[in-house]
Each structure stands twice: as structure tokens, then as C-alpha cells.
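*Asks:* predicted coordinates and the sequence they were generated for:
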Amino acid sequence: MSNNSRRYERKRGKRDAVGLKIRTITFSWVKLDINQGQSIDSWEKEGLLSVFCQMMRQIGQYNTTQVYANQTIKQYTKVGFPPDSEFEEPKHVSPAYWAVIHIKPKSKEVVVGYVEDEIFYIVFLDKEHQFWPTKDIQNRGKTRR
């Protein structure tokens, strides 16, 4: 049985045992890099923090398989730290894969971090999309003909 799920086999009176419980995504701010990106205070003043809190509430209903499938959390699996990033690779974390959450669909504002054991560790608040800069954010990842 994986670490992501536990079997709760207790019984109450005549009720049947509770089945398999799937862990959903939770968020942690303990890895936030305070020297790069923006602060929580600046995001709050600009109204971005409340938008992200709503996004966390929505994402928190799902497990990692679901959020990767629906692209709510986009995980970078082909490259470690982005080669053209305007951020410096932080020394306090070394994730296997970096991930981003756009606070609105196709917004340039992203929250950067990584997922480990169903926890999204927030590392950067990036309102200008400098973690992985792109010239045309709307056409990012689309093939051109």
C-alpha cells in the first residue's frame, strides 16, 4: 500500500468499514524563497494572494494524478531548473521536478514550487513569469505551423 493512501478499517455499530482514502493536494509555504520573486505582502496588496487562495481551494479537492491530468499544476519533467530562468536556483531545495500553477487560466502570474507526497511546496511567487520566461505567454508550448 502506498504512502498516499491509508485504509481505515474501523467499524461503527452496524456501519461497514470505511474504504480507501485518497490524499488530496495540500500546500506548504515553508520553502518560500524570500530573496527572489515577490513577497506574500506584495501579492496581498496587489490582490493576487486572494486569487491564489481561491485556486488552492479548488486544487485541494484533487490528488496529484488529477491535477497533472487537467493541467491545473504543470510539472516540468524534461528539464531540471529552467536554463533561461531569471531566478537563481535556490540552495534550500532540490526537487526532482519543478511545477507551476497559473493563478488564473493562461495568466502570466504563477506560483512556482514542487510536489512531494501530495504536498505542493511553494518556492517562488512570480507575477512576471520570470521563472521560465517566454516571449509570448499565450502561445507557450503550442506548435507553430
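*Replies:* Ah, there it is.
*Asks:* would you tell me what the next helix or strand after the longest helix along the chain is?
*Replies:* The longest helix of the chain (DSSP state H) is helix 48-59. The helix or strand immediately downstream of helix 48-59 is helix 64-69, counting by DSSP states H and E.
*Asks:* so what strands line up beside the very next helix or strand once past that next one?
*Replies:* Reading on from helix 64-69 to the C-terminus, the next helix or strand found by DSSP H and E is strand 74-76. Partner strands for strand 74-76, per DSSP bridges, with pairing direction: strand 98-102 (antiparallel).
*Asks:* contacting residues around the partner strand?
*Replies:* 52, 55, 59, 72-76, 80-82, 109-115, 120, 126, 131-132 (Cβ atoms under 8 Å, 6 or more residues apart in numbering). Glycine gets a C-beta too; all of them are placed from N, C-alpha and C.
*Asks:* chain center to that strand, what's the gap?
*Replies:* 5 Å (Cα atoms, centre = their mean, to the nearest Å).
*Asks:* buried among the contacts of strand 98-102? Make that a ChimeraX selection.
*Replies:* Filtering the contacts of strand 98-102 down to the buried ones (16 or more other Cβ atoms under 10 Å) takes a single ChimeraX command:
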select :52,55,59,72,73,74,75,76,82,109,110,111,112,113,114,115,120,126,131,132
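*Asks:* buried stuff in stretch 56-69?
*Replies:* Applying 16+ other Cβ under 10 Å to stretch 56-69 flags 56, 59, 62, 64, 67-68 as buried.
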